[in-house]
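Asker: Structure here, sequence nowhere to be found:
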DNA sequence: CGGAGTATTGATCCCATTCAAGAACTGTGG
DNA sequence: CCACAGTTCTTGAATGGGATCAATACTCCG
């Protein structure tokens, strides 16, 4: 049985026993956080890197008048900015969406892992590049698509990412988001999120209750979203 | 007299003579492109990395129905995805906005530079992290702000980035964008871009003709945009 | 000079917001 | 176990930011 981190990196490269040992070593300092806790605050100096083990976290930027944009989700197996220690301060905050476990990894540990295996090194780069690619995709969704399409797209993405790390039960997965948070992700008010969800429900595309999302018609949802998974870079080179 | 690339990296770290020589070495294979040419197309395998020397390029994603989102601008001194060779295919295209000069850098050259100077290595990481940070900022602008504020923000950003590399003449700089391209950047139709520009002109915030933007009241523009340059990570560590 | 791209302007429409109020869930303490 | 408070969700009505449609200028360039 492999961990989400191993599963995720295996989407990109083959890992040997040594690599797996390195990854396990990175995940020795496990932290437990409750929903609402911050892993790191905006403007704080980055002290360590996190690897998500269980539960969800989210990246966010706050605006002066109390608005908030969620700029990314960290799912189990995600590596949170391997090289962030290069920066003086965080340009965004990262908070826990649900109770979660993550591994805190020091700069030196990252550098050591980076230097000890070329596959790990490339895996860390890959992880950063995928994060950036997801941002471009989200930007495109916000800039060019309607609410209905944007929502379809984020559901397709999260479903696929959860599937990859073995955390989706076929067409169903844990989605620990309120309608408010979903709105801050795709640039909608909670009211409109609610109406869009209802439209999807009425069209038998999804079911969403008790923090679980069931995708009833993935093909149709992908069509609506014009979802193409290339931007997640899951093919091995 | 320093190059835009040196100026830009100097925002982050001190470069010694050796570092400057390495950078000069990276820029030996200079390419000239005309406006409209693609540096690289979406889905193409990345063959090399580019360093912008003169002129502007832009990153874009195309949608099936002919819509387009511009996801970033490459100004002189910008390094275009130093580690992109890790990926199998590009998730977006990069095109020339104006006639431009860029240096084509091979994977091996990047790795050699990366290994030969820790400051260069950190500079490359920094460059990638800033690109990602800019994407988060753009996403936030698209998701949370009105047209007028979004436009003020992109103007503040581009003005500052041009200033850093020594290409702004005080409050004025070359901005080789059509209203259509500006619209594809901030998620507006050309018609609305036009109206928003006129509003800014009428309020004596800017002048914009002949592909030159003059910022008449930078403080007011920053206020409108709630512009805070932290996300560009210009402080040295 | 002609044609294509670019900028401008007006009229109308619509997607999403805002405002407001009520219902359904949480979780907590007595 | 219930009462109660605080989120979260839901629904309706009115409003508005920006899109769409359409027509007219302007600019650049071969």
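Answerer: Ah, there it is. Every value quoted in this text rests on a predicted model; they were computed, and no experiment measured them.
Asker: Where does residue A:94 fall, secondary structure wise?
Answerer: Using DSSP states H and E, residue A:94 falls within strand A:93-96.
Asker: And whichever helix or strand comes after that strand, what's buried?
Answerer: Toward the C-terminal end, the helix or strand that comes next after strand A:93-96 (DSSP H and E) is strand A:100-106. If you call a residue buried by 16 or more other CB atoms under 10 Å in any protein chain shown, then strand A:100-106 has these buried ones: A:100, A:101, A:102, A:103, A:104, A:105. The C-beta positions use only the backbone N, C-alpha and C, and glycine is treated the same way.
Asker: ok, now stretch A:181-196?
Answerer: Using 16+ other CB under 10 Å as the test for burial, stretch A:181-196 gives A:181, A:182, A:183, A:184, A:185, A:186, A:187, A:188, A:192, A:193, A:196.
Asker: Which one of the residues in chain A is closest to DNA strand C?
Answerer: Going by CB to the nearest atom of the strand, DNA strand C is nearest to residue A:192 of chain A, at 3.0 Å.
Asker: which residues touch the nearest residue to that residue once chain neighbours are set aside?
Answerer: Among residues not flanking residue A:192 along the chain, residue A:147 sits closest, at 5.9 Å (CB to CB, 6 or more residues apart in numbering or on different chains). The neighbourhood of residue A:147, defined by CB atoms under 8 Å, 6 or more residues apart in numbering or on different chains, consists of A:186, A:188, A:192, A:193, A:196.
Asker: mind listing which of those are in helices?
Answerer: A:186, A:192, A:193, A:196 (DSSP state H).
Asker: State the distance from the residue in chain A sticking out farthest from the centre to residue A:196.
Answerer: What lies farthest from the middle of chain A is residue A:202; by CA atoms, centre = their mean that is 27.8 Å. According to CB to CB, to the nearest Å, residue A:202 and residue A:196 sit 11 Å apart.
Asker: what about the longest helix in chain A?
Answerer: From DSSP H, the single longest helix across chain A is helix A:118-144.
Asker: Next, the angle from that one to helix B:118-144.
Answerer: 30 degrees (axes from the mean of the first three to the mean of the last three CA atoms, to 10 degrees).
Asker: and residue A:149, how many neighbours does it have?
Answerer: Neighbours of residue A:149 under the rule other CB atoms under 10 Å in any protein chain shown: 18.
Asker: Now the helix or strand containing it: buried residues?
Answerer: For residue A:149, the host element (DSSP H and E) is helix A:147-164. Going by neighbour count (16+ other CB under 10 Å), the buried part of helix A:147-164 is A:147-162, A:164.
Asker: likewise stretch A:65-74?
Answerer: The neighbour-count check on stretch A:65-74 (16+ other CB under 10 Å) flags A:68, A:69, A:70, A:71, A:72, A:73, A:74 as buried.
Asker: Switch those over to JSON lines, and while doing so, append pLDDT and secondary structure to every line.
Answerer: Output for the buried residues of stretch A:65-74, formatted as JSON lines (pLDDT from 0 to 100; DSSP: H, G, I helix; E, B strand; the rest coil):
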{"residue": "A:68", "pLDDT": "97", "secondary structure": "strand"}
{"residue": "A:69", "pLDDT": "98", "secondary structure": "strand"}
{"residue": "A:70", "pLDDT": "98", "secondary structure": "strand"}
{"residue": "A:71", "pLDDT": "98", "secondary structure": "strand"}
{"residue": "A:72", "pLDDT": "98", "secondary structure": "strand"}
{"residue": "A:73", "pLDDT": "98", "secondary structure": "strand"}
{"residue": "A:74", "pLDDT": "98", "secondary structure": "strand"}
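Asker: mind listing what the spatially closest residue to residue A:166 that is not a sequence neighbour touches?
Answerer: Nearest non-adjacent residue to residue A:166, counting by CB to CB, 6+ apart: residue A:7, 5.7 Å away. Counting by CB under 8 Å, 6+ apart, residue A:7 touches A:77, A:164, A:165, A:166.
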